[in-house]
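S.K.: Dropping the sequence and predicted coords here.
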Protein chains: 2
Amino acid sequence: MKYTKATNYALHTISFMIERGQNEKLSVHVLAERFQVSVTYLSKILTQLVKAGLIESVSGANGGYTLRKPPENISFMDVIWAIEGTGAFFECGLQHESKCPLQKVMNEAETMMEQYLQKKKLIDTVYIVADE
Amino acid sequence: MKYTKATNYALHTISFMIERGQNEKLSVHVLAERFQVSVTYLSKILTQLVKAGLIESVSGANGGYTLRKPPENISFMDVIWAIEGTGAFFECGLQHESKCPLQKVMNEAETMMEQYLQKKKLIDTVYIVADE
DNA sequence: ATATTAAAGACTGTATTTATCTATGATAAT
DNA sequence: ATTATCATAGATAAATACAGTCTTTAATAT
């Protein structure tokens, strides 16, 4: 069980946008160069973040992406959910009389982790350079 | 990010073995029928559990599998590690000056979940029928 | 010897991930 | 209006992982 690379790129992208400040507009070109990944590939990831409401996009010349929420409000979990979806880690497909007794424990475990990642904000890991 | 079906089968198998008691020897044939899965497929999963030291196998007629540890000592995490391996969920492959600051948070989150699943024992979810 | 049982290897089909390439649409600057 | 810039969407392809089967080999009780 592993998080996808896409999740990694998404986390780093948001992180980078926070570093650069909430107002700065960044093009996918700049971001793709930063992370050494193709423009079209990163583009798809960014579109997912747009759809999740984390960033917003402006097309056309001088366009690009900006954060849509105050950085203090963007948690790790927000980004992960945007890319990985919100389905449970564990889903027992076997037949049971009633509910699968293992499912409950697995769900609780997942919730432990998710609560932690909801509390943790990306800004907590970013060193912000003061605005002159 | 999802756990594999193999992990589900493994958890249910150990759970079933605990129900049946520590001394009962079970063949892969019986188990495969119980979970409606092919013998050879389940066999591979069981072999992984053997290699992880959770169960023991005896070849030949009247052979089968038995638990190798007292049920009270078998945690969810033991089984999951046996099947999924012990690698981290999140591994940032990007270049960084020093360490990836996101990695640390992701590792902590994983640890939260794993600690929970180490405390939780499979026997906690099993209804044991009293011996006669 | 034979029947039973586990282990191991080769192989297959499907799904997911990780991309790339090629349009298409939107917008600002000229 | 035209052009350059930028995001979005679709089609495709390679690589990997997952789920599962088939066949052979090895161990052991009867």
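M.R.: Nice, I can see it. If you're wondering where the values come from, they're calculated on a predicted model, not measured in any experiment.
S.K.: model confidence over stretch A:81-97, on average?
M.R.: Averaging pLDDT along stretch A:81-97 yields 95.
S.K.: quick one: buried residues of it?
M.R.: For stretch A:81-97, a neighbour-count test (16 or more other C-beta atoms under 10 Å in any protein chain shown) marks A:81, A:82, A:83, A:84, A:89, A:90, A:92 as buried. Quick note: C-beta positions are derived from backbone N, CA and C, even for glycine.
S.K.: how about the first one, what does it touch?
M.R.: This points to residue A:81. residue A:52 (C-beta atoms under 8 Å, 6 or more residues apart in numbering or on different chains).
S.K.: Just the element for it, please.
M.R.: Taking DSSP states H and E as the definition, residue A:81 sits inside helix A:76-84.
S.K.: What parts of chain A come near DNA strand C?
M.R.: A:4-6, A:37-38, A:40-41, A:44, A:58-63 (C-beta under 7 Å from any atom of the strand).
S.K.: Could you tell me which of those belong to helices?
M.R.: A:5, A:6, A:40, A:41, A:44 (DSSP state H).
S.K.: Assign the closest residue to the fourth one other than its chain neighbours to helix, strand or coil.
M.R.: To tie it back to what came earlier, the one meant is residue A:41. Spatially, and ignoring its direct neighbours in sequence, residue A:41 is nearest to residue A:32 (7.7 Å; C-beta to C-beta, 6 or more residues apart in numbering or on different chains). The three-state label given to residue A:32 by DSSP: H, G, I helix; E, B strand; the rest coil is helix.
S.K.: Okay, strands next: where are they in chain A?
M.R.: For chain A, the strands defined by DSSP state E cover A:55-58, A:64-67.
S.K.: average pLDDT for the last one?
M.R.: For strand A:64-67, mean pLDDT is 97.
S.K.: can you tell me which residue is nearest the centre of chain A?
M.R.: residue A:79 (1.8 Å; C-alpha atoms, centre = their mean).
S.K.: pLDDT below threshold where in chain A?
M.R.: Applying pLDDT under 70 to chain A flags the ranges A:128-132.
S.K.: Could you list the residues of it in contact with DNA strand D?
M.R.: For chain A, the contact set with DNA strand D under C-beta under 7 Å from any atom of the strand comprises A:1, A:26-29, A:40, A:43-44, A:46-47, A:50, A:57-65.
S.K.: Just the buried ones out of those, please.
M.R.: Of the residues of chain A next to DNA strand D, these count as buried by 16+ other C-beta under 10 Å: A:1, A:26, A:28, A:43, A:46, A:57, A:64, A:65.
S.K.: Next, count neighbours for the closest residue in space to the last one that isn't next to it in sequence.
M.R.: So the one you mean is residue A:65. Closest residue to residue A:65 apart from its sequence neighbours, by C-beta to C-beta, 6+ apart: residue A:55 at 5.0 Å. A count of nearby residues for residue A:55, using other C-beta atoms under 10 Å in any protein chain shown, gives 24.
S.K.: what pairs with residue A:55 across the strands?
M.R.: Going by DSSP bridges, residue A:55 is paired in beta bridges with residue A:67.
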